[in-house]
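Q: Predicted model and sequence follow; I will ask about them next.
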Amino acid sequence: MRIAFALLFAFAAESQTNVLTYHNDNAHTGAYLNETLLTPSNVNAAQFGWRTELSLDGPVYAQPLYLSRVNIPGKGLHDVLFVATVNDSVYAIDADDVEADPLWMVNFLDPAKGITVATKEDVGCPVLPELGIIGTPVIDPAAGTIYLIAETKELGNNFVFRLHALDVTTGAERSGSPVEIAPAGFVPLAQKQRASLMLLNGVIYSPWSGHCDNGSFHGLVMAHDAKTLQPLGVFNTTQYGSGASLWSGGAGPVADAEGSVYVVSANGNINGVITPDSYDEAVLKLAAPPQMSVLDNFVPFNRATLNEYDVDLGSSGALLLPDETGSPAHPHLLFTSGKEGRMYLLDRDALGGAQNGSDSAALASLPYFSSHATFGSAAYFNGSIYVAPEHSPMFRFGVGNATLVSSPSAQTPDVLASLGATPSISANANTNGIVWITTFNQGGELFAYDAAGLKKLFDSNAQPGAPPYTFTEFTTPTIAAGKVYVPTFFGVAVYGELPPATAPLIGGVADAASFSPDALAPGCLISIFGSNLSPTTASATAVPLPLSINDVSVTINGIPAPLLYVSARQINAQIPYEVPAGPVSVMVRAQGAKSAPLGITLKTTAPALFTSPEGFVAAVATDGATPGSYVSLFFTGQGPVISAIADGDAPATGHTIWAASPVTATIGGVSAQVQFAGLAPNFPGVAQINLKIPELASGTYPVVINVGGVLSNALPITVTAP
């Protein structure tokens, strides 16, 4: 596939989907809707399965997060998987080469200074072995910062929580980071930061709970300024007592478009004592800081029963449904469920307050699951809610016109073990939906089901030869760019399409304009030829260009190359600007299988003109190619430029980035005045030279450009004299 002149303007300005927060978004829908590779037709034991398990320094209870095109100093751009462990560590892992050394890793412990990790023995609760980082972090892609809360045990048996803001490119602390979390009356040993953080309108929200209902603790929501990390406000569910945790099986606050924050609280009956004036067993709508006041709430009619029998509402978090599920009278909906096995559909514009005798203010209050508790979060996709109670199948319930259908439209053939699951969805927009769950079945089991009817597609323990993983409670899989990442007791298990029987083989590399193996330079577009290079044929659809397409990637001297096109026999890519001139190696990775490296040689500059479909030089002339008029020609291989630009990106229309090397041109051997030579707008790896046509008679002439002393290929251009 030659890169045609018409394709130079084919890209939209959008980026691939990232996973920046728990359950994919601030509504906690759990939906990853940009999955183009994994479909119900190829997620099966013959084509999909276990690839590896990343062995880290402790169990993983926080959901792994994914950020594409992270510029790692000295290593180029990478798609990065961020993983936090209970051992107070954060790892940045190359998502396209997970078995490589971490891109960076930081740890907040220092035993020599008496800084160690808090343990289950310290807190008197056996649920988690260690409690370093257990709440899912959150990423601000614009700031390039990942936020997390880490707990440490320090000298004098002091327990300390700190909010960290780390540079995603290096793991270094941002200015002012970390800050110790110590609001008035806060007792660190009594509190646990289990549920996910949320970033909203420049504020980091963190929810807090206790340990096994031990001692005196509170359900808290804290707000910190994302820039300064300074505290902005605190909400306390039990200001005059204890209890009413905000843990929700790892699901933190959710937020709507208006900026309102919603949490679901747990039981307030601690050691048989009900805290007066508390916000236990409630769905709470909170104001933004500094007020952090309760704007509205919903308390089930059977609150006392929920408290007495420890079947608290707050075992699951809230799911905010899109407006497509509402009605004119109730356009904005919220779904939740709890240990009682009851589902609630609420109007979040009027939650209803404390109920008496029945949940009359609820749009639905359905005790469908009986005593089968739910934990974490439900998921939403295509007009359906997916709920996975413990000791029960997972169910799909229709929702529309502000009505929750009372009976499920589908259920899984499998019964889930204790703790149930938090479903995650992968889909390509509204097609090819797959529901993924990690469960305690057989000690740890990944299931995948067709979202349309919950037909089982994949069972990790049924895959021949695949090792099992050890489940960590209240976790959910992360799906990104054709791979599924499952938190485990020892790290992260990685699943994807199974490697092909025959590894990719590179036959040769040429520039993508003239197809010469000798016209290669940093920043230029190339074509890689060979066999088994990709299992599918696909093209990039957005700028900046992705670093992988359908689980296919290319590295040049170990630096990922942005991709334009992949197929079995050809890949079009851009050589990263960071790769120096001289001998380098090219490697292709397809579905986890690596090619042997192929050596090529880069020049500092290597101009190669693009050809039009008619066989002439690719050109745009506003007044025709007449003597004295200007024409724009397109080429690749201009080499260094005067202003840095990210690999796979291009200047916007109206912005100019000049080539750093001297540029000249001739038409028919006659010097042509160069008005501009640099990067073409909107198309990565393409350069543009604007020439003044010299005084020539009508005819067709060869045009040649010279960049830094290196001549391009010669292509014809037709000049029409007046």
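A: Structure received. Numbers count the residues shown, from 1 in each chain.
Q: Do you have the strands of the stretch 151-300 of the chain handy? List them.
A: 158-167, 179-180, 198-200, 203-208, 220-225, 231-236, 254-255, 261-264, 269-270, 273-274, 283-286, 294-299 (DSSP state E, counting those that start in this stretch).
Q: got a list of contacts for the third one?
A: Pointing back at strand 198-200 there. Defining contact as CB atoms under 8 Å, 6 or more residues apart in numbering, one finds that strand 198-200 is touched by 20-22, 26, 138-140, 147, 204-205, 226, 252-255, 259, 261. (C-beta placed from N, C-alpha, C; glycine too.)
Q: now do the longest one
A: Contact partners of strand 158-167, identified using CB under 8 Å, 6+ apart, comprise 90, 106, 108, 118, 122, 144-154, 172-174, 176-182, 188-189, 191, 193, 204, 206, 224, 226, 229.
Q: In PyMOL, how would I select the buried members of these?
A: Restricted to buried positions by 16 or more other CB atoms under 10 Å, the PyMOL selection for the contacts of strand 158-167 reads:
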select buried, resi 90+106+108+118+122+144+145+146+147+148+149+150+151+152+153+174+177+178+179+181+188+189+191+193+204+206+224+226+229
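Q: Restricted to helices, list the contacts of strand 158-167.
A: D122 (DSSP state H).
Q: can I assume F529 sits in a helix?
A: No: under DSSP: H, G, I helix; E, B strand; the rest coil, F529 falls outside any helix and is assigned strand.
Q: helix, strand or coil for E324?
A: helix.
Q: Next up, the contacts around it.
A: G383, G400.
Q: List the buried residues in stretch 602-621.
A: 602-612, 616-619, 621.
Q: which two from those residues end up farthest apart in space?
A: L602 and A621 (32.1 Å; CB to CB).
Q: Just give the closest residue to G76, not the sequence neighbours.
A: I559 (3.6 Å; CB to CB, 6 or more residues apart in numbering).
Q: per-residue confidence at the one you found?
A: The score at I559 is 97. That number is its pLDDT.
Q: surely it meets G74?
A: No: using CB atoms under 8 Å, I559 is not in contact with G74; the gap is 9.3 Å.
Q: Would you mind listing the residues touching both of those two?
A: Common neighbours of I559 and G74 (CB under 8 Å, 6+ apart) are E578.
Q: which one of the two has more residues nearby?
A: Per other CB atoms under 10 Å, whichever of I559 and G74 has more neighbours is I559, with 21 against 7.
Q: Count the neighbours of S585 for me.
A: 14.
Q: Just to be sure, it is in a strand?
A: Yes: applying three-state DSSP, one finds S585 inside a strand.
Q: check contacts around the closest residue in space to it that isn't next to it in sequence.
A: In space, and not counting its chain neighbours, S585 is closest to P597: 3.9 Å by CB to CB, 6+ apart. Applying CB under 8 Å, 6+ apart to P597 gives the contacts S585, V586, M587.
Q: could you pull out the helices for this protein?
A: For the chain, the helices defined by DSSP H occupy 120-123, 303-308.
Q: of all those, which gets the most neighbours per residue?
A: helix 303-308 (a mean of 18; mean count of other CB atoms under 10 Å).
Q: Let's see that one as PDB, backbone CA atoms only.
A: Presented in PDB, the C-alpha positions along helix 303-308 are these (Å, rounded to 0.1, in the frame of the first residue of the first chain):
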ATOM      1  CA  ARG A 303     -32.700   1.100  57.000                       C
ATOM      2  CA  ALA A 304     -33.000  -0.400  60.500                       C
ATOM      3  CA  THR A 305     -33.100  -3.900  59.100                       C
ATOM      4  CA  LEU A 306     -30.100  -3.300  56.800                       C
ATOM      5  CA  ASN A 307     -28.200  -2.000  59.900                       C
ATOM      6  CA  GLU A 308     -29.200  -4.800  62.200                       C
END
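Q: And the contacts of it?
A: So helix 303-308 is contacted by 267-269, 274, 280-281, 300, 311-313, 338-340, 354 (CB under 8 Å, 6+ apart).
Q: next one: stretch 533-543
A: 11-16, 36-37, 497, 500, 504-506, 546, 549-550, 552, 562-571, 588, 590-591, 595, 648-650, 682-684.
Q: Buried only: go through those for me.
A: Among these, those classed as buried by 16+ other CB under 10 Å are 11, 16, 36-37, 497, 504, 506, 546, 549-550, 552, 562-567, 570-571, 588, 590-591, 595, 648-650, 682-684.
Q: what's the domain layout of the chain?
A: 16-61+379-498, 500-602, 608-719 (automatic domain parsing).
Q: circling back: and the contacts of strand 198-200, which of them are buried?
A: Here, 16+ other CB under 10 Å leaves 20-22, 26, 138-140, 147, 204-205, 226, 252-255, 261 buried among those.
Q: Could I get the average pLDDT for stretch 510-519?
A: Rounded mean pLDDT across stretch 510-519 is 96.
Q: From the chain's centroid, how far away is that stretch?
A: Centre-to-centre, stretch 510-519 and its host chain are 35 Å apart (CA atoms, centre = their mean, to the nearest Å).
Q: ditto for stretch 81-96
A: 13 Å.
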